[in-house]
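1. curious how this folds, go ahead:
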Amino acid sequence: MVERLWPVIGTISGLAFCVAPYRALSEAVASRTLEQFNFMPLLLMAVNGWFWVLYGYLIEDNSVILLNVAFLGCGCFYCYLYLSEY
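-> Prediction:
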């Protein structure tokens, strides 16, 4: 049971981490003041998600793939929001 519980806990906490910057970024985009935001953490979230998805694919672990597809998607979406203002 514990072996199935850890991936669920990791997925929930990872998704919470993934959606955390959305509110602040969307408010900054709406007010058109992006000076306080650094683009690199958003880009690195997407790149990190991509490499973890690749790793999950190589070791054939669906729980690793599932969580990191969300990171990849959120990172790409945040990069799109950020770059759409420049």
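
2. strands of the chain, residue ranges please.
-> Assigned by DSSP state E, the chain shows no strands.

3. middle-most residue in it, spatially?
-> Centroid check for the chain by CA atoms, centre = their mean gives Phe71 as the closest residue, at 2.7 Å.

4. what stretches of this protein score poorly on pLDDT?
-> By pLDDT under 70, the low-scoring segments of the chain are 86.

5. longest helix of it?
-> Longest helix in the chain by number of residues, with DSSP state H as the criterion: helix 62-84.

6. give me the buried positions along that one.
-> If you call a residue buried by 16 or more other CB atoms under 10 Å, then helix 62-84 has these buried ones: 64-68, 70-72, 74-79, 81-82. Bear in mind the C-beta positions are built from the backbone N, C-alpha and C, glycine included.

7. burial of the residue nearest to the residue nearest to the centre of the chain when sequence neighbours are not counted, as a residue count?
-> Distances taken as CB to CB, 6 or more residues apart in numbering put Gly49 closest to Phe71, at 3.3 Å, once the chain neighbours are dropped. Around Gly49 sit 22 other residues, with neighbours defined as other CB atoms under 10 Å.

8. swap in Leu15?
-> 15.

9. so it sits against Asn68, correct?
-> No - at 10.8 Å, Leu15 does not count as touching Asn68 under the criterion of CB atoms under 8 Å.

10. need the contact list for the residue nearest to Phe71.
-> Going by CB atoms under 8 Å, 6 or more residues apart in numbering, Gly49 touches Asn68, Val69, Ala70, Phe71, Leu72, Gly73, Cys74, Gly75.

11. ok, and the closest non-adjacent residue to the first one?
-> Spelled out, that is Asn68. Trp52 (3.7 Å).

12. again, but for the second one
-> The spatial neighbour of Val69 that comes closest, neighbours along the chain excluded (CB to CB, 6+ apart), is Val53 at 5.8 Å.

13. could you report the neighbour count for the residue nearest to Val64 when sequence neighbours are not counted?
-> Ranked by CB to CB, 6+ apart and with sequence neighbours excluded, the top spatial neighbour of Val64 is Gly56, at 3.2 Å. By other CB under 10 Å, 18 other residues sit near Gly56.

14. fine, thanks again, bye for now.
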